[in-house]
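> Below are the sequence and a predicted model; questions follow.
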Amino acid sequence: MSKGVIDIIKGKFLIQDGAFKNWSFILFCAILALVMIASSHSADRKVYRIAELKTQMKALRSEFVDTKKDVMQLKMESNVTKIMTKRGIKLSEEPPYEIIVKSKSE
């Protein structure tokens, strides 16, 4: 048994007759290892990209909420009245009235 282990350590299995089978298997394992490493790096890149996008999404959602709050405050009648009085336009004291247009067929 120790002679077999020593032969493997010395690499005799690579130079003996029928070594082509051994070399093809080693080449297959090396290619498989490279594919596995590339796949792992690709997965890591995607995980980092997802984390980055989640951070951006949180920031944009916060900005959206703040902007929505500001717009809601600007649309309030009291704020519109303040802005218009600064520009010299004030509320009418008379209520609006409805204009009714009758068509000729009536």
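Nice, thanks for sending it over. Numbers count the residues shown, from 1 in each chain.
> contacts and neighbour counts: CA atoms only from here.
Noted.
> so where's this protein uncertain?
Across the chain, the ranges flagged by pLDDT under 70 are 1, 106.
> at 90 instead, please
Applying pLDDT under 90 to the chain flags residues 1-26, 74-75, 77-97, 100-106.
> Look up phi and psi at the most centrally placed residue in it.
In the chain, the centroid-proximal residue (Cα atoms, centre = their mean) is Leu53; its distance is 3.6 Å. Torsion angles at Leu53 (phi, psi; degrees, to the nearest 10) stand at phi -70, psi -40.
> Against Gln56, how distant is Ala43?
Here Ala43 is placed at a distance of 20 Å from Gln56 (Cα to Cα, to the nearest Å).
> oh, I was asking about Asn79
The value you get for Asn79 to Gln56, if Cα to Cα is used, is 32 Å.
> and what of Lys12?
Counting by Cα to Cα, the gap from Lys12 to Gln56 is 58 Å.
> who are the neighbours of the helix or strand where Lys68 lies, in terms of helices and strands?
Element membership of Lys68 [criterion: DSSP states H and E] is helix 19-75. Applying 3 or more Cα pairs under 8 Å, 6 or more residues apart in numbering; DSSP states H and E, one finds that helix 19-75 contacts no other helix or strand.
> and it, how far from the chain's centre?
9 Å (Cα atoms, centre = their mean, to the nearest Å).
> Pull the following helix or strand past that helix out as CSV, backbone CA atoms only.
Sequence order places helix 77-86 as the next helix or strand after helix 19-75, per DSSP H and E. Presented in CSV, the C-alpha positions along helix 77-86 are these (Å, rounded to 0.1, in the frame of the first residue of the first chain):
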residue,chain,number,x,y,z
GLU,A,77,-56.0,75.5,0.6
SER,A,78,-54.4,77.5,3.4
ASN,A,79,-51.0,77.3,1.8
VAL,A,80,-52.4,78.2,-1.6
THR,A,81,-54.2,81.2,0.0
LYS,A,82,-51.0,82.4,1.6
ILE,A,83,-49.0,82.2,-1.6
MET,A,84,-51.7,83.9,-3.6
THR,A,85,-52.1,86.8,-1.1
LYS,A,86,-48.3,87.4,-1.4
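> Any buried residues in helix 77-86, and which?
Buried residues in helix 77-86, defined by neighbour count with 16 or more other Cα atoms under 10 Å: none.
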